[in-house]
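Trainee: Could you look at this predicted model? Sequence included:
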Amino acid sequence: MSDPKKNKTVERLVGHIPFNPNHSEIYEEYQQETFLHVETQAMTFLTRRLLNPEQGQRPRLVLLTGDAGHGKTHLVRHLLEKLEIPKSDLLDTLQNRCKGEPIELEAGRIAIHKDLSEMNSNSAAALLDEGLEREDCPLIVCVNEGRLRAMLSSEVLGGRDIARKILRALAEHTVEPDPGVFVINLNWQMVSLPQGILHDLLRELLNGTRWRTCKDCSSQGHCPILANRNVLSENDRRVEQIRRLYELVERLGEVVTIRQVLIHMAYLITGNLTCRDVHKLSPRKDLSRYAFTSTLFVNDAPESFINSHGLFSTLRKLDPAYNASRTVDEQLMSASYREQIVPENSPDRRLRVGRHEVDLRHELAPAELDLDIKHHLDDEEQILVRVFRTLRRHHALMYDTTTLGGFEYAQAFEDLLEGDLEFSRRQNLKKMVARGLNRIQSLVTERHAVQLLIVDRVSLRAAARTAVIAATYTLDAIELGPEQVPRTVDGSDITDARARRLMLVIDGQSLDLDLLSFEFICRCASGLASREFFRNEVRRITNFLLRVVERRESKDTRVAQVFHKGQLHSIRVNNDERYIGPE
């Protein structure tokens, strides 16, 4: 007879969850050995430049900046490994020797500071200045962007040419402001690229070698952790849909860090359970709350944690359980369809609602309830609500994530990001955007209209039926395309990045649009958007349009354009004549 086992993978996964008492695995510098490793583009770039100088100029200074959790310390640790630091000395080197002093290696000297933000601005600026002077010892520093700006403006570096170049690089998102100086902003790093960071992490995490111990465990038959792992590893479609969900989160403007991914993956698989917790569970207990369909949308995580992390609050908003679609729900009524989307071994195949158990792959509600008619109807309602919420999540993970959150124009947004569009399709999208911008200014134009109208500032504030038009633009004057991702001088990628926002450019002025902004403008084109809900977005867009017209010189001050009752009229003002009205 098998005995209860303890899987080290589970214990280390739970150690990544901040609201678990055993969250000892979150910070890289305190791990004896790395739990999961992915080869990022930034690491590949640095390794190539440091170990193979013939690939390009060897760096003098590398500034790694970005939000906490992007993997800066992880990158430094594995860079030291590739520079052949013995594993026995690796943790000590990371904790005690990565403070800016040169380290002697067989491949040459190198200096690393794993967190320059710990130093005051003048001391840190002096360290950067010293690193710039050393030609034979590259300096790699990890630093918060705000602290970096303070260092560049300090007494030591303030006003110097190199400081101005680095500040300009931060503002313009360039990579190499000076020969041998690299600014790598990891906030551009995306986790959702195909065959990218998230894909590699999940592939490594679901690897069967990490779960061998569970085969001889007495609790494997009712273990939701093992069931989650098995369901995800048996179907690549679900893993791809999880990646698409992350892609949607990033296109909504959230910067997702590797640490957040690890926290979410740990919660997704374990449900915040340890092996000891599983051994205490009764085989008859309802395990649906620990199923990956529930933990994916962080259903039972503390509200304070969710509200303080953009990834998790956005996932909560995208939960398909609360997005009703008649077409989808009618499909879910079919037992054969439910069998396709609900795995046999899923922890939430059987739901317990009150005293009643429902099998998602068969009946949707108990055939007979020994209750009076009112209680019968109340129980039926509770059961169906619970069942359909769970089934909608299974459907989304098997077939469709693009409609999560009700985004109707997600495909158009993706097509514009990819940039491979026929001329007619691009013109139609630009026409829709122009019509949406007109609607935001309370100008109701015809569907066939092909002009963008920008209202005069005074008329915009008055919101009257008749508005003075400050400028008109044809579709050819509107540029709509993907943002530019930072690349090196030779055009190679320096981070795992791809355009996640669109840039709307009119007369030299630009406005970035994430998926939500684009969705709002497109819905405005058909008159369906809620201006009250998007109040901040309306203000941002109208301010952009006013900036556009402020730069435009008026061609003829004697002609005014007025929009009245859906039509554009031109009015000529004769300065030589005066109107004398009644006294």
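Mentor: Cool, got the structure.
Trainee: and the next element down the chain from the lowest-mean-pLDDT helix or strand in the chain?
Mentor: Here the helix or strand of the chain ranked lowest by mean pLDDT, DSSP states H and E is helix 457-462, holding a mean of 71. Using DSSP states H and E, the helix or strand that follows helix 457-462 in sequence is strand 467-474.
Trainee: Centre of the chain to the very next helix or strand once past that next one, how far?
Mentor: As assigned by DSSP H and E, the chain's next helix or strand after strand 467-474 is strand 478-482. From the chain centre to the centre of strand 478-482 is a distance of 21 Å (Cα atoms, centre = their mean, to the nearest Å).
Trainee: And stretch 248-255, by the same measure?
Mentor: 3 Å.
Trainee: secondary structure element for residue 277?
Mentor: Going by DSSP H and E, residue 277 is in helix 275-280.
Trainee: Output that helix as CSV, nothing but the C-alphas.
Mentor: What follows is helix 275-280, C-alpha atoms only, in CSV (Å, rounded to 0.1, in the frame of the first residue of the first chain):
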residue,chain,number,x,y,z
CYS,A,275,1.0,18.2,0.0
ARG,A,276,0.2,18.0,3.7
ASP,A,277,-3.0,19.9,3.1
VAL,A,278,-4.0,17.4,0.4
HIS,A,279,-3.4,14.4,2.7
LYS,A,280,-5.9,15.9,5.1
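Trainee: what helices or strands is it leaning on?
Mentor: Judged by 3 or more Cβ pairs under 8 Å, 6 or more residues apart in numbering; DSSP states H and E, the packing partners of helix 275-280 are helix 224-234. Placement of C-beta: from N, CA and C, glycine included.
Trainee: who does the helix or strand that residue 394 is a member of touch, helix- and strand-wise?
Mentor: Secondary structure from DSSP H and E places residue 394 in helix 373-398. Judged by 3+ Cβ pairs under 8 Å, 6+ apart, helix 373-398 is in contact with helix 236-251, helix 292-295, helix 326-332, helix 335-341, strand 350-353, strand 356-359.
Trainee: average pLDDT for it?
Mentor: Model confidence over helix 373-398, given as mean pLDDT, is 84.
Trainee: right, and the helix or strand after that helix?
Mentor: Taking DSSP H and E, what comes next after helix 373-398 is helix 410-418.
Trainee: and that next one, which residues are buried?
Mentor: Counting neighbours by 16 or more other Cβ atoms under 10 Å, one finds that the buried residues in helix 410-418 are 410, 412-413, 415-417.
Trainee: Quick check: residue 164 vs residue 146, distance?
Mentor: Look at residue 164 and residue 146: by Cβ to Cβ, to the nearest Å, they are 18 Å apart.
Trainee: Could you do residue 437 as well?
Mentor: Applying Cβ to Cβ to residue 437 and residue 146 gives a distance of 34 Å.
Trainee: who's more crowded, these two?
Mentor: residue 437 (25 against 10; other Cβ atoms under 10 Å).
Trainee: got a list of what the more buried one touches?
Mentor: Shown in contact with residue 437 (Cβ atoms under 8 Å, 6 or more residues apart in numbering): 452, 521, 524, 541, 545.
Trainee: hmm, who's touching stretch 202-214?
Mentor: Contacts of stretch 202-214 (Cβ under 8 Å, 6+ apart): 5-9, 13, 36-38, 220, 223, 226, 229, 232-233, 239, 242, 265, 269.
Trainee: Phi first, then psi, for residue 562.
Mentor: Dihedral pair for residue 562: phi -130, psi 140, per degrees, to the nearest 10.
Trainee: got a list of what it touches?
Mentor: Counting by Cβ under 8 Å, 6+ apart, residue 562 has contacts 466-469, 568-571.
Trainee: Could the C-alpha coordinates of stretch 219-229 be exported in PDB?
Mentor: Provided in PDB are the C-alpha atoms of stretch 219-229 (Å, rounded to 0.1, in the frame of the first residue of the first chain):
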ATOM      1  CA  SER A 219      -3.600  10.700  -2.100                       C
ATOM      2  CA  GLN A 220      -3.100  10.800  -5.900                       C
ATOM      3  CA  GLY A 221      -6.700   9.700  -6.500                       C
ATOM      4  CA  HIS A 222      -8.200  12.900  -4.900                       C
ATOM      5  CA  CYS A 223      -5.300  15.300  -5.300                       C
ATOM      6  CA  PRO A 224      -6.400  18.500  -7.100                       C
ATOM      7  CA  ILE A 225      -2.800  19.600  -7.600                       C
ATOM      8  CA  LEU A 226      -1.900  16.500  -9.600                       C
ATOM      9  CA  ALA A 227      -5.200  16.600 -11.400                       C
ATOM     10  CA  ASN A 228      -4.500  20.200 -12.500                       C
ATOM     11  CA  ARG A 229      -1.000  19.300 -13.700                       C
END
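Trainee: buried residues in it?
Mentor: In stretch 219-229, counting by 16+ other Cβ under 10 Å, buried: 219-220, 222-229.
Trainee: Same check on stretch 204-218?
Mentor: Buried, per 16+ other Cβ under 10 Å, within stretch 204-218: 205-206, 210-211, 214, 217.
Trainee: Point out the ones among those residues that are inside helices.
Mentor: residue 205 (DSSP state H).
Trainee: how much space between the residue most central in space within the chain and residue 501?
Mentor: For the chain, residue 250 is the residue whose C-alpha lies nearest the centre (Cα atoms, centre = their mean; 2.2 Å). Distance from residue 250 to residue 501, counting by Cβ to Cβ: 10 Å.
Trainee: Between these two, which contacts overlap?
Mentor: If you check residue 250 and residue 501 against Cβ under 8 Å, 6+ apart, no residue is contacted by both.
Trainee: Does the closest residue to residue 469 other than its chain neighbours lie in a helix or a strand, and which?
Mentor: By the measure of Cβ to Cβ, 6 or more residues apart in numbering, the closest residue to residue 469 outside its immediate chain neighbours is residue 561, 4.1 Å from it. Secondary structure assignment for residue 561, by DSSP H and E: strand 559-564.
Trainee: Partner strands of that strand and their direction?
Mentor: strand 467-474 (antiparallel), strand 567-572 (antiparallel) (DSSP bridges).
Trainee: out of these, nearest to residue 282?
Mentor: Between residue 282 and the strands paired with strand 559-564, the shortest separation by Cβ to Cβ is 67.6 Å, and it involves strand 467-474.
Trainee: buried residues in the closest one?
Mentor: Quick answer for strand 467-474 (16+ other Cβ under 10 Å): 467-471, 473.
Trainee: could those residues go into a markdown table alongside distance to residue 113 and pLDDT?
Mentor: Shown next, in a markdown table, are the buried residues of strand 467-474 (distance: Cβ to Cβ, whole Å; pLDDT from 0 to 100):
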| residue | distance to residue 113 | pLDDT |
| --- | --- | --- |
| 467 | 57 | 85 |
| 468 | 58 | 85 |
| 469 | 56 | 86 |
| 470 | 52 | 86 |
| 471 | 51 | 88 |
| 473 | 50 | 92 |
